[in-house]
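**Q** Predicted model follows, preceded by the sequence.
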Amino acid sequence: FMRSAARSTPSGKRLYLFAVAVLVAPATAFNPALAVRPLGIDVSYWQGVRSQQDWNDAYASGRVFAFIRATHYSTIGESEAHGSPDPYFQDNIAFARSAGMLAGAYHYARPDLRTPAVEAEFFLTYARPYITPGYLPPMLDMEGDTSGPVGAANHSDWANQWMDYVSDRTGVSSMVYCNYTWAHNYLDAIDTSHPLVFARWSCPADVHTDVPRLSNGSVASTWPWPTWTFWQYCGGPVPGFPGSIDLDVFNGTMAQLQAMVITATAVITVSPVSLSQTVTEGQDAASQTFTVRNTGTGKMPYDILASSTGNWLSVDPTYGSCTGETDTITVRYLSSNLLAGVRTGTITVNSSLATNPAQTITVTLTVIPPPIPGDLNHDGYVNDQDLALFSGCMTGPGNGPPAAGCEEADINTDNDIDQADFGLMQRCFSGTVRADPNCAN
């Protein structure tokens, strides 16, 4: 957003913008329902350290929403931006919400330096917890250097890619901030389904009824958008922010503004709700699958976390997004190094846009010892108990096949149970000592 207090010019010098309007806090408490158009502010590092009382004072004066800078991806060699991330972002957005304001995060874009995916991922690293129910949608700030763009055919393409990236991972559609020049000359092919935050400082006498105007007094076109959703109309102080700060207005009622707040409408449905698998020692268990579906409304981005002691459980993919379709997730078991025993793990599907934001699948993995010739009761030993079972299965030479349940007594697999099988069983006889799986070799 435009820095009301101080902006950097291409030469690196600071251009200072002075307030052209002064707003005086009303003597009585503010009632947002009475405002014709809700008023707001946007802030960043340049407004300095603010306190909870500062934000309370701003809200009491009639400012009911705020756009707060989260990031301006800067590296050594770039102009000093204090946005990697903005050091005051978390405090500002917490203070704004505690004061009663609707608040959202924004990213100051640098399409001349990086691809949209890189910039979007950087933004999400810090802002993703604030692109969740209760917050205003995120905003992409397109201003400044018009060279480039990197990784896109033009600036419209760059902005569309950035917003698609954020939407794919959060399920939330972004807004776009730009001025008249950017809208007409650089964003002429942008996806206008994304609401416009229009920067045009005409500083009207009555912001509740006027519209953005050019310096000659004519109405400023918002093309290619049909109209503006928010208007950054001037700069000046408000209670709690004595320096010059960007002033905004919403093009609608308070109820319409509240309708823009992110809400949870999706419902996570997983099937099955539990999984079990059995595997022999030394082997990886066969993979399984489960499904994820959004049985609510809207878009549902989700992450999947597999948890197990020893990390024997994993899923692929680990994230996704769905509306009403069914997504199939593969569960893999890394069990070849596990000893015999029963283990449990969990798979949790998370989505901040769901009314049931976390759904857990319980996973049971049973690892059994490798088969031991003659261990007919599968207790790991070959002893008198197994000999008793073997005796009841004897057929004699050539008198097979073995009866049902006696197949394992045919140790040499020649389709009968006779003295040859007994001889192999004798070699494996272990008594009270765990038998060797290779005893018959």
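**A** Arrived safely, thanks for sending.
**Q** Is residue 234 within a helix or a strand, and which one?
**A** Following DSSP states H and E, one finds residue 234 within strand 230-238.
**Q** show me where the stretch 151-300 of the chain has helices.
**A** Secondary structure of the stretch 151-300 of the chain by DSSP state H, counting those that start in this stretch: the helices cover 155-170, 180-185, 254-258.
**Q** go on, the stretch 1-150 of the chain?
**A** Under DSSP H, counting those that start in this stretch, the stretch 1-150 of the chain gives helices at 52-60, 89-99, 116-127.
**Q** Adding mean pLDDT, mean neighbour count and distance to residue 427, write those helices out as a markdown table.
**A** Where C-beta positions appear, they are placed from N, C-alpha and C, glycine not excepted. Formatted as a markdown table, the helices of the stretch 1-150 of the chain follow (pLDDT from 0 to 100; neighbours: other Cβ atoms under 10 Å; distance: least, Cβ to Cβ, whole Å):
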| stretch | mean pLDDT | mean neighbour count | distance to residue 427 |
| --- | --- | --- | --- |
| helix 52-60 | 98 | 20 | 81 |
| helix 89-99 | 98 | 20 | 70 |
| helix 116-127 | 96 | 21 | 62 |
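**Q** do you know which of the ones you listed lies nearest residue 133?
**A** In terms of Cβ to Cβ, the element of the helices of the stretch 1-150 of the chain nearest to residue 133 is helix 89-99, at 12.3 Å.
**Q** for the closest one, packing partners?
**A** In terms of contacts (3 or more Cβ pairs under 8 Å, 6 or more residues apart in numbering; DSSP states H and E), helix 89-99 is packed against helix 52-60, strand 63-71, strand 102-108.
**Q** so where's the stretch 1-150 of the chain shaky on pLDDT?
**A** Flagging of the stretch 1-150 of the chain using pLDDT under 70 yields the residue ranges 1-35, 75-81.
**Q** if you set the cut-off to 90 instead, what comes out?
**A** 1-36, 48, 73-84, 144-145, 147-148 (pLDDT under 90).
**Q** Who does the nearest residue in space to residue 288 that is not next to it in sequence form a beta bridge with?
**A** Sequence neighbours aside, residue 331 is the residue nearest to residue 288 in space, at 4.7 Å (criterion: Cβ to Cβ, 6 or more residues apart in numbering). Per DSSP bridges, the residues bridged to residue 331 are residue 288, residue 315.
**Q** Kindly tell me how buried residue 331 is, as a neighbour count.
**A** Using other Cβ atoms under 10 Å, residue 331 has 22 neighbouring residues.
**Q** Local confidence estimate at it?
**A** On pLDDT, residue 331 comes in at 98.
**Q** How about residue 441?
**A** You'll see residue 441 listed with a pLDDT of 84.
**Q** From residue 277, how far out is it?
**A** Using Cβ to Cβ, to the nearest Å, residue 441 is found at 28 Å from residue 277.
**Q** The two: who's more crowded?
**A** More crowded of residue 441 and residue 277, by other Cβ under 10 Å: residue 277, with 16 against 8.
**Q** And that one, what's its pLDDT?
**A** In this model, residue 277 carries a pLDDT of 98.
**Q** Now it. Nearest residue, chain neighbours left out?
**A** Nearest residue to residue 277 in three dimensions, chain neighbours excluded: residue 285, at 4.6 Å (Cβ to Cβ, 6+ apart).
**Q** got a list of what the one you found touches?
**A** Neighbour list for residue 285: 277, 278, 279, 333, 335, 365 [criterion: Cβ atoms under 8 Å, 6 or more residues apart in numbering].
**Q** at 7 Å what do you get?
**A** Listed by Cβ atoms under 7 Å, 6 or more residues apart in numbering, the contact set of residue 285 reads 277, 279, 333, 335, 365.
**Q** so which pair among these is furthest apart in space?
**A** Top of the distance list for the contacts of residue 285 (Cβ to Cβ): 277 and 335, 8.4 Å.
**Q** what residues do those two have in common as contacts?
**A** Residues touching both residue 277 and residue 335 by Cβ under 7 Å, 6+ apart: 285, 365.
**Q** how many neighbours does the residue nearest to residue 45 when sequence neighbours are not counted have?
**A** Distances taken as Cβ to Cβ, 6+ apart place residue 82 nearest to residue 45, at 3.9 Å, with adjacent residues excluded. Per other Cβ under 10 Å, the neighbour tally for residue 82 reads 14.
**Q** Which other helices and strands does the strand holding residue 234 contact?
**A** strand 196-199, strand 241-250 (3 or more Cβ pairs under 7 Å, 6 or more residues apart in numbering; DSSP states H and E).
**Q** before we move on, the earlier item: show me which of the contacts of residue 285 is closest to residue 87.
**A** Once Cβ to Cβ is applied, the member of these that ends up nearest residue 87 is residue 333, at 44.7 Å.
**Q** So for whichever strand or helix holds residue 366, mean pLDDT?
**A** Taking DSSP H and E as the criterion, residue 366 maps to strand 358-368. Averaged across strand 358-368, the pLDDT comes to 97.
**Q** Likewise for stretch 167-178?
**A** Per-residue scores along stretch 167-178 average to 96.
**Q** Ends of that stretch, what's the gap?
**A** Terminal residues of stretch 167-178 lie 19 Å apart, using Cα to Cα, to the nearest Å.
**Q** So which bits of it are buried?
**A** By 16 or more other Cβ atoms under 10 Å, the buried positions in stretch 167-178 come out as 167, 169, 170, 171, 172, 173, 174, 175, 176, 177, 178.
**Q** State the pair within the residues you listed that is farthest apart.
**A** Spatial extent of these (Cβ to Cβ) is set by the pair 171 and 178 at 23.9 Å.
**Q** For burial, what's the neighbour tally of residue 61?
**A** 19.
**Q** One more: the one 5 residues further on?
**A** Counted with other Cβ under 10 Å, the neighbours of residue 66 add up to 24.
**Q** Now residue 389: which helix or strand?
**A** Using DSSP H and E, residue 389 maps to helix 384-391.
**Q** and the angle from the strand holding residue 234 to strand 63-71?
**A** 100 degrees (axes from the mean of the first three to the mean of the last three Cα atoms, to 10 degrees).
**Q** model confidence over strand 230-238, on average?
**A** Computed over strand 230-238, the average pLDDT equals 96.
**Q** Looking at the residue nearest to residue 333 when sequence neighbours are not counted now. What's its pLDDT?
**A** Closest residue to residue 333 apart from its sequence neighbours, by Cβ to Cβ, 6+ apart: residue 285 at 3.8 Å. pLDDT for residue 285: 97.
**Q** before we move on, what about residue 372?
**A** With respect to pLDDT, residue 372 has a value of 88.
**Q** Correct me if wrong: it contacts residue 428.
**A** Yes - in this structure, residue 372 is within contact of residue 428 by Cβ atoms under 7 Å, at 6.5 Å.
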